[in-house]
Every structure is written in structure tokens, then in C-alpha cells.
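Participant: Structure, please.
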Amino acid sequence: QPPVRPRQLHVLESGETTSGIYLLHLQNANRLLQAWCEQSQAQGGWTVIQRRQDGSVNFFRTWEQYKQGFGNLDGEYWLGLEHLYWLTKQTSYKLRVSLEDWQGRVVYAEYDSFYLEPESDWYRLRLGQYHGNAGDSLSWHNNKAFTTLDRDKDSYTGNCAHYQKGGWWYHMCAHSNLNGVWYRGGHYRSRYQDGVYWAEFHGGSYSLKRVALMIKPT
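Facilitator: Numbering: from 1, shown residues only. Modelled structure (predicted):
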């Protein structure tokens, strides 16, 4: 069993350089949480909060599932909105979005601050300034509530989650849809724009091969 650390950065500072599953202690919620710690990208110390890579996990889920988290820590998973709320309440975090296309090109988008409001405010997204080389397809979703198929909090007349087949901080509807349907091969044909996409990187009708959302204390 790995030792309990208050934050992933402590894992890095303690000389740990191996990516893998670590135990986090959410001091303010007095609970333990397992997450993947990414040590090979961007100086390491990142807590992976979402990962897509092979379509093995269904991301078309309910509010309760997005709240609690689902999937496999060493594969595709979503950490959980409630855990994210407590984690980002502990200290200041930045967000890194890592994207890979089907030609092997890897790009990133970083936001210098990232936190969520509590469930009473539908885990509303609060983002800082963007920098990176992926293009900014998340700021459009800043200050938006999270929406799932069974809880519609977007600004569209219908439910974006129904069309986009995922849970996200939808607006009217999306410039990014990283919890959408994982389609093999890039360009996909679908009745709706429901792939795993980042509009600024290949547009909305191209489903990316690998994506990850990671946070690190600033």
C-alpha cells in the first residue's frame, strides 16, 4: 500500500518518480481517494482526473455516477465531481488537458487555475487563463454548470448531454466534449456531434485517440 500523501505534489517531492495509483488524503472531507499520479509529463506531480484511450469504459452516465466517479484507474476513468470539489477546495490547482490525435501528434491546453463549485451549484466550472498549443476549447464552458442526461443544467433548449452522449459543463452545447463517445480512427459519422473532441484541435467531427485531464497544485 503506498503511503498516504496530502497531495500528489508531495509524492513528487518525496522522490517518487513513477506514474501509478496513489492514495490521496482529502483533509477537509476526511476521506481517502485513489487516483493516478502522472510523473512523466510536464514536470510530473499531476493527479489525473479523467482519461480516455480505448473506448473500454462507457461515459454516457447519470449525475450520480459523474458525482461519485467511475471506470478503471489504470485505464479509462472519471475521478468524480464530488472528489474534485473537495480536492480543489484544499488548495489552488491548475488544469492540464493532454490530447493525442490518430497521427500521434500530442498537444496540450493549460489553465492557471481550476476549481469546482459545490453540488448545490451543480459543480460549476471555474477556470483561469489559458496557455498551450491545443487551442482553447474550454474557456467557452467556464462558469457553466455540469449537465448529465438526467440533470439538464445547460443553456440550450434541449439537453446537450442527450446529443453529445456524455456529461460536461455544457453551454449551447460544446466546444469540447471529452466525455463523449470514443470513436476509432479520427473522423466519425454520427447523427450528432458526440465524439471525444476539442474543437480547436481537428474540429467537432474528429474523435481524438487519447485525452487526459490532470490537475496539480500551483
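Participant: Let me see the contact set for residue 192.
Facilitator: Residues near residue 192 by CB atoms under 8 Å, 6 or more residues apart in numbering: 163, 164, 165. Bear in mind the C-beta positions are built from the backbone N, C-alpha and C, glycine included.
Participant: and residue 206, bridged to which residues?
Facilitator: When bridges are called by DSSP bridges, residue 206 pairs up with residue 187.
Participant: Could you tell me which residues make contact with it?
Facilitator: Applying CB under 8 Å, 6+ apart, we find residue 206 in contact with 101, 186, 187, 188, 195, 197.
Participant: and the first one, how many residues sit next to it?
Facilitator: The local packing count at residue 101 equals 17, with neighbours defined by other CB atoms under 10 Å.
Participant: Please apply the same query to the fourth one.
Facilitator: Using other CB under 10 Å, residue 188 has 18 neighbouring residues.
Participant: Now do it, the pLDDT please.
Facilitator: What the model reports as pLDDT for residue 188 is 97.
Participant: how many neighbours does residue 124 have?
Facilitator: Around residue 124 there are 18 residues (other CB under 10 Å).
Participant: Pull the distance from the longest helix along the chain to the chain's centre.
Facilitator: Looking across the chain with DSSP state H, the single longest helix is helix 81-90. Centre-to-centre, helix 81-90 and its host chain are 13 Å apart (CA atoms, centre = their mean, to the nearest Å).
Participant: which other helices and strands contact that helix?
Facilitator: Helix 81-90 makes packing contacts with strand 20-26, strand 31-38, helix 63-68, strand 114-116 when contacts are defined by 3 or more CB pairs under 8 Å, 6 or more residues apart in numbering; DSSP states H and E.
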